[in-house]
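In: got a structure for you, letters missing:
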DNA sequence: TGTTATATAATCGTGCGCGATTCTATAGCG
DNA sequence: CGCTATAGAATCGCGCACGATTATATAACA
């Protein structure tokens, strides 16, 4: 009869979380490559499709990312012609991120990405819903 | 009455998964810094504490990592004196990874990391168990 | 046996991810 | 008004993460 090993990989919550996150990101790649987006860029675009004209800081709070990650990422999106980055008139410290027409048009092409992914994720819908609920609960518990 | 938006951040399963994984990794940092380990290095050490004398490939399959990530990571662990990397005698293609005495000793210091983390994760134990089960189910569905 | 195919790590290039620092702009306050 | 504190973004440094390629070793097989 063996004791419980607190350092065994199979006893960790963190490990399947870490592995599943990476694996899911990898699964997105074939669907995002045609759009010229990485996974993180896709997430940033989702936030901007919901609301643009936001500052780098606001965007970062929504995405749990800081300026060290966002600034170069937004520069790449700008180079692709999807967003504009402009200093705010009212507050010269802030940078406002706005979608270009190209960036808004990209949304149409992205519309079937979630559907494609749902086909790739062979999980019962009620399990997916419950998983999402628990992950959000975990995130909130960190606040 | 608004329609369901498939590209809204709050309707994604991937996003809380991505965000929670990053957030949890960040929470490990203060407990891993004293051991001189990053989160990925910690996970690799957990696998090795369970079984060492394995090849880079075997380790990679356990951790869902490939040689492009593992080789430099293992070199850093080797530089810290925690592991040895040696070409296999039987198969000169394979590299065997073994714990040093120092690496085995590190396990004692790591023993209370899971306990510290459980204190930081304010989630009902039954929720954590269910979350872990669903994440493993998701990972299996990808096989 | 020699030739081709496969397996295994290592390497390369690009893009996060983040702690720490820096630079500039605004806010607060005497 | 001037001085200090704070806020916001950019930059730096390091370590993943991974697709693609390369180099070497073994396996398979004609």
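Out: Cool, the structure landed. Owing to the predicted nature of the structure, the values given are computational and were not obtained by experimental measurement.
In: quick check: longest helix in chain A by residues?
Out: Counting residues, the longest helix found in chain A (DSSP state H) is helix A:14-32.
In: buried residues in that one?
Out: Along helix A:14-32, the positions that meet the burial threshold by neighbour count (16 or more other CB atoms under 10 Å in any protein chain shown) are A:14-25, A:27-28, A:31-32. Yep, even glycine has a C-beta here, placed from its N, CA and C like the rest.
In: swap in stretch A:51-60?
Out: For stretch A:51-60, using 16+ other CB under 10 Å, the buried residues are A:52, A:54, A:56, A:59, A:60.
In: distance to residue B:107 and pLDDT added to those, as CSV?
Out: Putting the buried residues of stretch A:51-60 into CSV (distance: CB to CB, whole Å; pLDDT from 0 to 100) gives the following:
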residue, distance to residue B:107, pLDDT
A:52, 50, 97
A:54, 46, 98
A:56, 42, 98
A:59, 41, 98
A:60, 37, 98
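In: thinking again about what came up before, tell me what the longest helix of chain A is packed against?
Out: The contact analysis (3 or more CB pairs under 8 Å, 6 or more residues apart in numbering or on different chains; DSSP states H and E) places helix A:14-32 against helix A:39-50, helix A:113-120, helix B:14-32, helix B:39-50, helix B:125-141.
In: any idea of the angle that helix forms with helix B:113-120?
Out: Compare the direction of helix A:14-32 with that of helix B:113-120 by axes from the mean of the first three to the mean of the last three CA atoms, to 10 degrees and you get 80 degrees.
In: orientation of helix A:14-32 relative to helix A:39-50 in degrees?
Out: Between the direction of helix A:14-32 and that of helix A:39-50, the angle (the same axes, to 10 degrees) works out to 70 degrees.
In: what is the rounded mean pLDDT of helix A:14-32?
Out: For helix A:14-32, the mean pLDDT works out to 97.
In: tell me which of the helices and strands packed on helix A:14-32 lies nearest to residue B:81.
Out: Each of these was scored for nearness to residue B:81 using CB to CB, and the closest is helix B:39-50 (12.5 Å).
In: tell me the SS of whatever residue of chain A ends up closest to DNA strand D?
Out: In chain A, the residue that lies nearest DNA strand D is residue A:57 (2.4 Å; CB to the nearest atom of the strand). Three states are possible here, and by DSSP: H, G, I helix; E, B strand; the rest coil the one that applies to residue A:57 is helix.
In: now it: how far from residue A:139?
Out: When distance is defined by CB to CB, to the nearest Å, residue A:57 is 19 Å away from residue A:139.
In: swap in residue A:34?
Out: Applying CB to CB, one obtains 30 Å for the distance of residue A:34 from residue A:139.
In: more crowded one of the two?
Out: Between residue A:34 and residue A:139, counted using other CB atoms under 10 Å in any protein chain shown, the more crowded position is residue A:139 (17 against 10).
In: least trustworthy helix or strand in chain A by mean pLDDT?
Out: helix A:113-120 (a mean of 93; mean pLDDT, DSSP states H and E).
In: show me what that helix is packed against.
Out: helix A:14-32.
In: does DNA strand D sit close to the helix it packs on?
Out: Yes: between helix A:14-32 and DNA strand D, judged by CB under 7 Å from any atom of the strand, the touching residues are A:18, A:22, A:23, A:25, A:26, A:29.
In: stretch A:87-101 too?
Out: Yes: judged by CB under 7 Å from any atom of the strand, stretch A:87-101 comes into contact with DNA strand D at A:91, A:93, A:94, A:95.
In: the residue sitting nearest the centre point of chain A and residue B:48, how far apart?
Out: Central residue of chain A (CA atoms, centre = their mean): residue A:43, 3.2 Å from the mean position. Residue A:43 sits 33 Å away from residue B:48, taking CB to CB as the criterion.
In: need the helices and strands packed on helix A:14-32 in TSV with distance to residue A:3, can you?
Out: Output for the helices and strands packed on helix A:14-32, formatted as TSV (distance: least, CB to CB, whole Å):
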stretch	distance to residue A:3
helix A:39-50	40
helix A:113-120	39
helix B:14-32	22
helix B:39-50	14
helix B:125-141	19
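In: so which of these gets nearest residue B:111?
Out: Evaluated over these, closeness to residue B:111 peaks at helix B:39-50, with 10.2 Å, by CB to CB.
In: what are the contacting residues of stretch A:86-96?
Out: With CB atoms under 8 Å, 6 or more residues apart in numbering or on different chains as the contact definition, stretch A:86-96 has outside contacts at A:53, A:54, A:55, A:56, A:57, A:85, A:98.
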